[in-house]
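S.K.: Mind folding the following:
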Amino acid sequence: MTRPLPLNALQVFDVAASELSFARAADRLFVTHGAVSRQIRTLELAFGFPLFERRNRAVFLTPAGTRLHATTRQMFDQLASTVASLHASAASRTLVVSCEPTLAMRWLIPRLGTFAQTHPDIALHLHSAGGPLDFENTGVDVAIRRNDFFWGHTLAAEPLADEWIGPVGLPASFAAPRLNPLGTRTRPSVWQDWLRAMQSTRRDSPPTLPSLEAHGKTPPFEHFYLSLQAAGAGLGAAIGSVYMVSDELSAGRLVAPYGFIRDGSGYVALSREPFAANPAKEALLIWLRHALADAASPWIENSQ
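M.R.: Numbering: from 1, shown residues only. The predicted structure follows:
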C-alpha cells in the first residue's frame, strides 16, 4: 500500500521550486533554512530520487523535480482558488442588517428565530440605527428604513410596506374623560400626521384631545420606543406603528380602538447592489415583505 505524501513537505517543495532558493523559501514560509532542507529531504527519501541538484550554494530542479513542480503549482493554485471561492460563498450568506431601533426591538428581533428556521443558511448580524447610513464604512449589507429622508441616487431601494399608525394604550387610557397623548422627539408631528390622515379619509371625528402642540400633560419622550413603553405602562396613549405594536395587540396588552391608517410614509430596504444580484439579500427582502404583511393584516384588514 502506497503511503500518502506529506502535504506540508509538498508545499515547502513548491515554494522552494518557485524560488530556486531554500533561503528565500524559508523567508516566505517563516521557517528556518534547515527546516526547508529537512522537508525536501523527506520528499526525496519518499520518492527515492533527488528533486534538486545542489551546486555550491545554489539549487536547481532535476528533471523529476521540474515535473513534480508543474503538478504542485497546479494543485496549490487550484486549492487557493477553491478556498477563496468558499470564503466568498460563506460571506455572501452572512448579512449585516441595519434597522431602525424601535422596529428592530419591537418587531424584527422577536422574529429572527423564524427567519433562521426558514433560512438556516443565512446568518443575520443586526445593527440598530436610523436615518442615513454610510454603507462603505460601516460594512452594512442591507438597511431597513422609513422613507422619511433622502438616501441619494446610488443605492438600490426596495419598498417593504406602507406605514400604518394609530393611537394605542391601555383600555383605561381611552376610558378617561380626556385622552393624554404621549409625544416623542423622534417623531414630533406623529399626532398631527394621524389627525390629517383621519380627516383626509373623512372618518368619524377622533376623541377630544388636549393641545397636541404641548403633547398633553406628559413631556415628550426622547425616542419613539419610549413613548410606546409609556403607553403600555398606562401613562396615556401613543401613536404606534402597527408593526411595532402588533405583538402587544395580539397578546391583549394594548388596544387600538380607532384602528390604523396610512400616514403616507413607508418602509424600504436599501442596499449598495441590486437585491436580485445577491441570493441572500433577495431571500431577506422577500421574507421581510411577507413578515411585515403578516404582522399588520389582522389590524388593518378592516381599514383598507
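S.K.: Show me where the stretch 151-300 of the chain has its helices.
M.R.: 171-175, 190-200, 224-232, 242-251, 279-300 (DSSP state H, counting those that start in this stretch).
S.K.: in terms of contact, does L254 touch G234 like I think?
M.R.: No: look at L254 against G234 with C-beta atoms under 8 Å: they stay out of range, at 10.6 Å. To be clear about C-beta, it is placed using only N, CA and C from the backbone, and glycine gets the same treatment.
S.K.: which residues are common contacts for these two?
M.R.: 169-170 (C-beta atoms under 8 Å, 6 or more residues apart in numbering).
S.K.: what about the two, which has more around it?
M.R.: L254 (22 against 12; other C-beta atoms under 10 Å).
S.K.: Pull the number of nearby residues for the residue nearest to the more buried one when sequence neighbours are not counted.
M.R.: Closest residue in space to L254, ignoring its immediate chain neighbours: E248 at 4.1 Å, by C-beta to C-beta, 6 or more residues apart in numbering. The tally of other residues near E248 (other C-beta under 10 Å) stands at 18.
S.K.: In contact with E248, which residues?
M.R.: Neighbouring residues of E248 by C-beta under 8 Å, 6+ apart: 168, 232, 254.
S.K.: my guess is the second one meets L170, correct?
M.R.: Yes: the pair G232 and L170 passes the contact test of C-beta under 8 Å, sitting 7.2 Å apart.
S.K.: list residues touching both of the two?
M.R.: Counting by C-beta under 8 Å, 6+ apart, the residues touching both G232 and L170 are L254.
S.K.: residue ranges with poor pLDDT in this protein?
M.R.: The model of the chain has pLDDT under 70 over residues 1-4, 85-92, 202-217, 301-304.
S.K.: so how many other residues sit close to D148?
M.R.: 12.
S.K.: G264 versus that one, what's the distance?
M.R.: Taking C-beta to C-beta, to the nearest Å as the measure, D148 falls 10 Å from G264.
S.K.: all strands for this structure, in order.
M.R.: Taking DSSP state E to define them, one finds strands in the chain at 52-55, 58-61, 94-99, 123-128, 142-146, 156-168, 181-182, 237-241, 261-271.
S.K.: any idea which residue of this structure is furthest from its center?
M.R.: Centroid-distance maximum for the chain: N56 at 59.5 Å, with C-alpha atoms, centre = their mean.
S.K.: ok so, going back, now the contacts of E248 in a markdown table, with distance to T82?
M.R.: Formatted as a markdown table, those follow (distance: C-beta to C-beta, whole Å):
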| residue | distance to T82 |
| --- | --- |
| V168 | 54 |
| G232 | 53 |
| L254 | 54 |
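S.K.: So the residue nearest to D121 when sequence neighbours are not counted versus W194, what's the distance?
M.R.: What sits nearest to D121 in space, not counting adjacent residues and going by C-beta to C-beta, 6+ apart, is R93, at 5.5 Å. For R93, the distance to W194 equals 41 Å [C-beta to C-beta].
S.K.: Settle it for me: which of the two has more neighbours?
M.R.: Each of R93 and W194 has its neighbours counted (other C-beta under 10 Å); W194 has more, 21 against 14.
S.K.: ok, now which ones touch the more buried one?
M.R.: W194 touches 165-167, 206, 239, 261, 263, counting by C-beta under 8 Å, 6+ apart.
S.K.: Name the nearest of those relative to H153.
M.R.: D263 (25.3 Å; C-beta to C-beta).
S.K.: The closest one reaches G166, doesn't it?
M.R.: No: D263 lies out of contact with G166 (C-beta under 8 Å); the separation is 9.5 Å.
S.K.: thought G130 was touching A143?
M.R.: No: the pair G130 and A143 does not pass the contact test of C-beta under 8 Å, sitting 9.3 Å apart.
S.K.: Those two: which is more packed in?
M.R.: Neighbours were tallied for G130 and for A143 using other C-beta under 10 Å; the higher tally belongs to A143 (26 against 21).
S.K.: If the more buried one is in a bridge, with which residues?
M.R.: Assessed by DSSP bridges, A143 has beta-bridge partners S98, L270.
S.K.: and it, what is it in contact with?
M.R.: Residues in contact with A143, defined by C-beta under 8 Å, 6+ apart, are 97-99, 129, 133, 135, 269-271.
S.K.: R262 too?
M.R.: Residues near R262 by C-beta under 8 Å, 6+ apart: 162-164, 197.
S.K.: Likewise for A238?
M.R.: 167-169, 181-182, 184, 227-228, 230-231.
S.K.: ok, of the residues you listed, which one's closest to A276?
M.R.: Set against A276, the nearest of these by C-beta to C-beta is L228 (35.0 Å).
S.K.: Go ahead and confirm that closest one touches M105.
M.R.: No: between L228 and M105 there is no contact under C-beta under 8 Å: 9.6 Å.
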